[in-house]
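Engineer: Sequence and predicted model, in that order:
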Amino acid sequence: MTDLKKDARFWNRAARKYAASPVADMMGYERTLERTRQSLTAEDTVFEFGCGTGTTALKLAPSVRQYVASDISSEMIAIAREKADREGATNVRFEIGTPEETVWSEGTFDAVLGFSVLHLVPDLDVTLQSVHRLLKPGGTFITKTPCLREMNMLLRLVVPAMQLVGKAPSVLFLSAKELEQRMEAAGFEIVERARHGSGRKDARPFLVAKKRGA
Ligand SMILES: C[S@@+](CC[C@H](N)C(=O)[O-])C[C@H]1O[C@@H](n2cnc3c(N)ncnc32)[C@H](O)[C@@H]1O
């Protein structure tokens with residue numbers, strides 16, 4: 001089984017519990033939503049990857065023209081679709097997929113969003129290149145990513161042990177600096193850096209980047 005399939009199974013198992021758990025830092029989440037909204041326009045076509053149960057997609061979609069939200073987990077997408085039906089959302093489409101494997105062609109989107117997902121992808125450079133490809137020239141990529149290298153060092157021991165027993169997905173131990181460098185190498189210019197967390201230390205940089213080479 002490929003790592004992506006294994007990860008999809010992990011997230012399928014986690015989906016109902018994930019949907020039921022409250023946002024850990026609501027004020028930080030609201031800051032991220034607000035700042036993201038400010039970077040979008042009512043004319044935009046948006047692609048989100050790693051959308052989970054669609055909470056963010058359903059909150060942001062009313063601010064844009066069309067919103068495509070994707071995830072590797074069919075269970076996450078099923079929950080997201082249930083929520084979209086309940087809310088009567090009309091401009092959001094939820095699909096199983098990734099930026100690397102999607103039906104959408106080069107230069108389709110004004111903005112691509114990825115929240116709490118870049119540390120989970122099997123090949124970060126390939127994902128970043130795929131995001132770059134999906135964006136229109138000058139398009140915007142917004143991400144907030146846990147940089148595990150800035151978190152408790154014990155994670156480095158605990159996570160591999162949990163992975164062995166299927167209790168953790170694949171993860172990358174990135175620093176914020178490395179993440180930025182790899183985004184730049186993929187053709188992005190970082191135009192905004194922030195930390196939205198309410199606590200003393202926040203290891204999840206919020207980055208707004210523009211596709212270079214317009
Ligand atoms: C921590 S959750 C974040 C969900 C949502 N973005 C949020 O902020 O609540 C990570 C999500 O990414 C998805 N995911 C994991 N690996 C992925 C990959 N390689 N490509 C796309 N999505 C992935 C999981 O299925 C899960 O729904």
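Structural biologist: Structure's in. What do you need? Residues are numbered from 1 along each chain as shown.
Engineer: quick one: contacts for E30?
Structural biologist: With contact set as C-beta atoms under 8 Å, 6 or more residues apart in numbering, E30 has no partners. No exception for glycine: its C-beta is placed from N, CA and C like everyone else's.
Engineer: could you check the distance from it over to A57?
Structural biologist: Separation of E30 from A57 (C-beta to C-beta, to the nearest Å) stands at 16 Å.
Engineer: And K5, by the same measure?
Structural biologist: Distance of K5 to A57, given as C-beta to C-beta: 24 Å.
Engineer: next one: I190
Structural biologist: When I190 is compared with A57 (using C-beta to C-beta), they lie 24 Å apart.
Engineer: Show me which of these two is the more surrounded one.
Structural biologist: The neighbour comparison of I190 against A57 (other C-beta atoms under 10 Å) goes to A57, with 26 against 16.
Engineer: Tell me if I am right that the more buried one is in a helix.
Structural biologist: Yes. According to DSSP: H, G, I helix; E, B strand; the rest coil, A57 belongs to a helix.
Engineer: Please, which helix or strand holds the residue most central in space within the chain?
Structural biologist: Among the residues of the chain, the one closest to the centroid is G114, at 2.2 Å (C-alpha atoms, centre = their mean). If you go by DSSP states H and E, G114 is part of strand 109-115.
Engineer: can you tell me if that strand touches the ligand.
Structural biologist: Yes. Applying C-beta under 6 Å from any ligand atom, one finds strand 109-115 touching the ligand at F115.
Engineer: Tell me the neighbouring strands of that strand, and mark each as parallel or antiparallel.
Structural biologist: strand 45-49 (parallel), strand 135-144 (parallel) (DSSP bridges).
Engineer: The last one vs the ligand: in contact?
Structural biologist: No. For strand 135-144 and the ligand, the contact criterion (C-beta under 6 Å from any ligand atom) is not met; the two come no nearer than 7.8 Å.
Engineer: Now do the buried residues in that strand.
Structural biologist: L135, K136, G139, T140, F141, I142, T143, K144 (16 or more other C-beta atoms under 10 Å).
Engineer: how about the first one, what does it touch?
Structural biologist: Spelled out, it's L135. G107, F109, D110, A111, V112, F141, K211.
Engineer: Only whichever of those residues are buried, select them in PyMOL.
Structural biologist: Of the contacts of L135, the buried ones go into a single PyMOL selection, burial set by 16+ other C-beta under 10 Å:
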select buried, resi 109+110+111+112+141+211
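Engineer: ok, residues contacting the lengthiest helix in the chain?
Structural biologist: In the chain, assigned by DSSP state H, the helix with the most residues is helix 3-20. With contact meaning C-beta under 8 Å, 6+ apart, helix 3-20 is reached by 52-53, 71-76, 78-79, 98, 120, 122, 166, 168-170.
Engineer: Could you list which of those belong to strands?
Structural biologist: Taking DSSP state E as the definition of strands, those contribute D71.
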